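Student: sequence unknown, structure follows:
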């Protein structure tokens, strides 16, 4: 059983403690906390410009995150991470996090969602494709998309009905 709620800066330590080990240890992505200053001020980076940051909690422990950066008419999905022991169709944390972000994006009248990921995150790529995202070339990204330096695979999904 899990719950999803909006996060603010009071959760920055818990967010960092969840995300960094997944990036650095589990998947060997060459990123540091210093290269991700957004993790230290999610209110300024995500919430104030019109996006949001959500967390999934199991027994009051943060086990998953997803964030939306508002970039004009589009949204950029960021920080989609779920603890290894909480992944999979059951309990469905990743799917519920993504559904929450999509609902919010539609309420904000965003036209489309974009995201970047890295080659080694194969399960994430399958997850996005299963959830209606189409892989696109980096050259097809809109100019307003806030690209992360390590990202080398990109996806798109329209939000129009």
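Tutor: That came in fine, so what should we check first? Being a predicted model, the structure only gives us computed values, none of them experimental. Numbers count the residues shown, from 1 in each chain.
Student: Show the low-confidence segments of this structure, by residue range.
Tutor: 161 (pLDDT under 70).
Student: Now do the buried residues in the strand ranked longest in the chain.
Tutor: Criterion DSSP state E: the longest strand present in the chain is strand 61-71. By 16 or more other C-beta atoms under 10 Å, the buried positions in strand 61-71 come out as 62, 63, 64, 65, 66, 67, 68, 69, 70, 71. Any C-beta I mention is one placed from the backbone N, CA and C, and that applies to glycine too.
Student: Identify the residues contacting the first one.
Tutor: Contacts were defined as C-beta atoms under 8 Å, 6 or more residues apart in numbering; by that measure residue 62 touches 11, 14, 15, 17, 18, 55, 56.
Student: excluding its backbone neighbours, what's nearest the second one?
Tutor: Meaning residue 14. Spatial nearest neighbour of residue 14, excluding adjacent residues (C-beta to C-beta, 6 or more residues apart in numbering): residue 62 at 4.5 Å.
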